[in-house]
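>>> Got a predicted model here, sequence first, then my questions.
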Amino acid sequence: MKRRKQGPRSRAATEFRYEKLTWPEINDAIDLGKVCIVPCGAVEQHGAHLPLDVDIVCPTEIARGAGALVPEKMLVLPTVGYGYTGHVMDFPGTINVHFAHFIEHTLDITKSLAYHGFKKIVLLNGHGSNMPNLDLVARRTNLETDAECILAAWWNLLTVDKKFLPRWRQSKFPGGCAHACELETSLYMYLDGDHVRHNEIKSDVISFNEEGSPFNWVDLFAAGPATLVSWTSSYSGTGVLGDAELASADKGKEAYEEAVKQLVRFVTWFKDRPKDRRQDRHRKRPTMKMPWNQQSS
């Protein structure tokens, strides 16, 4: 089928919000080779000073900030708003989605995009405990479709420039930046400061970090080689994991601008990178289709 030529008035080149396009404009966006960004978050407690939507607001606004800068290169999808938070259910308000449901739900999104013709997909995560599940989503997308999917946590974008975090961070390592901490509180202050309960901001620690074990410790940017991951309430009485009192809106603005800058750089690199090609190493061609819904060669 001959592709419809993109008209001069098509919004595909200037609109970065996926849901604001029409279906003919989606065809134009596919022709442009746009990278699709799927923000993924969660509804969970963030101490007494931050609302439940921190993990939604942060990746969503970073993705939209990047999209506004390079709308010709990317589309930002509606956010996957609920995530895997079973370990946080001792804190009221947290909404958990079974890990298998979460994986399959997000995989349905990436497969839909691949089916329509988008071949570059980024899962931009905002919730730490989504990471292993989204890693499986990305891997399965790569094996079960002809698209390429990459997982990136928004906070890890701050590690690209090796000079940024050492200059920006004031909190102790490990533990000062973990959850409802210096980083998350700063970013939320900048993005939606009217909803921060400023009089409730109090730092707190991860209790097992205080043991000084070389094995069992955690931070947003690293973890010990054998770290116990269990109920949040077993190592925190407040739900705050880190130095929230060091947060400021100015620091949040710096973190936001750095994350947006690096996401734009990443999308620019990923968009036109040639796909790595697999090769079947069997001496004799397999006589059946590959199982597990994976694509045969």
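Nice, I can see it. Numbers count the residues shown, from 1 in each chain.

>>> can we go C-alpha only for contacts and neighbour counts from here?
Will do.

>>> Setting aside sequence neighbours, what's the nearest residue to Glu15?
Excluding the flanking residues, the one nearest Glu15 by C-alpha to C-alpha, 6 or more residues apart in numbering is Pro71, at 5.7 Å.

>>> wait, the one you found sits on Tyr18?
No. Using C-alpha atoms under 8 Å, Pro71 and Tyr18 do not qualify as a contacting pair, with a distance of 10.5 Å.

>>> And stretch 31-44, how far out from the chain middle?
In terms of C-alpha atoms, centre = their mean, to the nearest Å, the centre of stretch 31-44 is found 8 Å from the chain centre.

>>> residues near the residue nearest to Glu15, how many?
21 (other C-alpha atoms under 10 Å).

>>> Can you give me the first-to-last residue distance of stretch 89-107?
Terminal residues of stretch 89-107 lie 25 Å apart, using C-alpha to C-alpha, to the nearest Å.

>>> Show me what counts as buried in it.
89, 91, 94-96, 99, 102-103, 106-107 (16 or more other C-alpha atoms under 10 Å).

>>> check contacts around the residue nearest to Glu15.
Contacts for Pro71 (C-alpha atoms under 8 Å, 6 or more residues apart in numbering) come out as 13-16.

>>> Show me which of the residues you listed are buried.
For the contacts of Pro71, buried by 16+ other C-alpha under 10 Å: 13-16.

>>> from those, which is closest to Ile30?
Ranked by distance to Ile30 (C-alpha to C-alpha), these are led by Ala13 at 10.4 Å.

>>> The closest one: what's its closest spatial neighbour, skipping adjacent residues?
That would be Glu72: by C-alpha to C-alpha, 6+ apart, it lies 4.5 Å from Ala13.

>>> Tell me how many other residues crowd that neighbour.
19.

>>> Can you classify it by secondary structure?
Under DSSP: H, G, I helix; E, B strand; the rest coil, the three-state class of Glu72 is coil.

>>> before we move on, back to that, return the member of the buried residues of stretch 89-107 nearest to Asp204.
Closest to Asp204, out of all of those and judged by C-alpha to C-alpha, is Phe91, at 15.8 Å.

>>> The closest one contacts Gln45, correct?
Yes. In this structure Phe91 lies within contact range of Gln45 using C-alpha under 8 Å: 6.4 Å.

>>> Touching both of the two, which residues are there?
Gly239.

>>> For the stretch 1-150 of the chain, which segments count as strands?
35-40, 74-76, 120-125, 148-153 (DSSP state E, counting those that start in this stretch).

>>> Met74 contacts Val38, correct?
No. With contact defined as C-alpha under 8 Å, Met74 does not reach Val38; the gap is 10.6 Å.

>>> which one of the two has more residues nearby?
Legend: neighbour count by other C-alpha under 10 Å for Met74 and Val38, higher for Met74 (33 against 25).

>>> who's in contact with the more buried one?
By C-alpha under 8 Å, 6+ apart, the neighbours of Met74 are 16, 34-37, 67, 267.

>>> same deal with Glu258?
Per C-alpha under 8 Å, 6+ apart, neighbours of Glu258: 157-158.

>>> same thing but at 7 Å, please
Counting by C-alpha atoms under 7 Å, 6 or more residues apart in numbering, Glu258 makes contact with Leu158.

>>> Look up how far Trp168 lies from it.
Distance of Glu258 to Trp168, computed by C-alpha to C-alpha: 11 Å.

>>> do the same with Thr185
For Thr185, the distance to Trp168 equals 14 Å [C-alpha to C-alpha].

>>> Comparing these two, which shows the higher neighbour count?
Legend: neighbour count by other C-alpha under 10 Å for Thr185 and Trp168, higher for Thr185 (30 against 14).

>>> His282: which element?
Under the criterion of DSSP states H and E, His282 resides outside all helices and strands.

>>> what residue lies at the spatial centre of this protein?
Closest to where the C-alpha atoms of the chain average out (C-alpha atoms, centre = their mean) is Asn125, at 1.3 Å.

>>> what separates that one from Ala152, distance-wise?
6 Å.
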